[in-house]
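In: this one's sequence-less:
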């Protein structure tokens, strides 16, 4: 990537989509496309779906809920260990934080 700013515009059905453990995972932007600044991934989960176990990795994750409700397990910046997120809510999980997420419901 050059020093010039690059702009991306992807439609709702664009990006590389994979079926992963019952979820549809669509890569909207990769780390390679953002000079390792971030990745943007859309995940569509059925109730009970989401990562199957607690895990940790170096990138920071931000969960932004578009539809339905999602349970987030882990520790946020205030030390809170658990959250239920609803549409339009977000939660940031910092790098190295042990985390797990699970869909509770579908669209409202």
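Out: Okay, I see it. As the structure is a computational prediction, the values presented were derived from the model and not from experiment.
In: tally of neighbours for the nearest residue to residue 63 once chain neighbours are set aside?
Out: Distances taken as CB to CB, 6 or more residues apart in numbering place residue 91 nearest to residue 63, at 5.0 Å, with adjacent residues excluded. Heads up, the C-betas are built off the backbone N, CA and C, glycines and all. Residue neighbour count, defined by other CB atoms under 10 Å, stands at 20 for residue 91.
In: I'd say residue 91 and residue 71 touch.
Out: No. Using CB atoms under 8 Å, residue 91 is not in contact with residue 71; the gap is 10.5 Å.
In: overlap of the contact sets of the two?
Out: Common neighbours of residue 91 and residue 71 (criterion: CB atoms under 8 Å, 6 or more residues apart in numbering): 83, 85.
In: and the residue nearest to residue 63, which of the three is it?
Out: strand (DSSP: H, G, I helix; E, B strand; the rest coil).
In: for it, list the residues it contacts.
Out: For residue 91, the contacting residues are 62-63, 72, 76, 83, 85, by CB under 8 Å, 6+ apart.
In: tell me the phi and psi of the residue positioned nearest the centre of the chain?
Out: In the chain, the centroid-proximal residue (CA atoms, centre = their mean) is residue 63; its distance is 4.6 Å. Backbone torsions for residue 63, taken as degrees, to the nearest 10, come to phi -100, psi 120.
In: what about residue 50, which helix or strand?
Out: Assigned by DSSP states H and E, residue 50 belongs to no helix or strand.
In: ugh, wrong one, residue 41
Out: Using DSSP H and E, residue 41 sits in strand 40-44.
In: which of the residues in that strand are buried?
Out: 40, 43 (16 or more other CB atoms under 10 Å).
In: repeat for stretch 30-41
Out: Using 16+ other CB under 10 Å as the test for burial, stretch 30-41 gives 33, 40.
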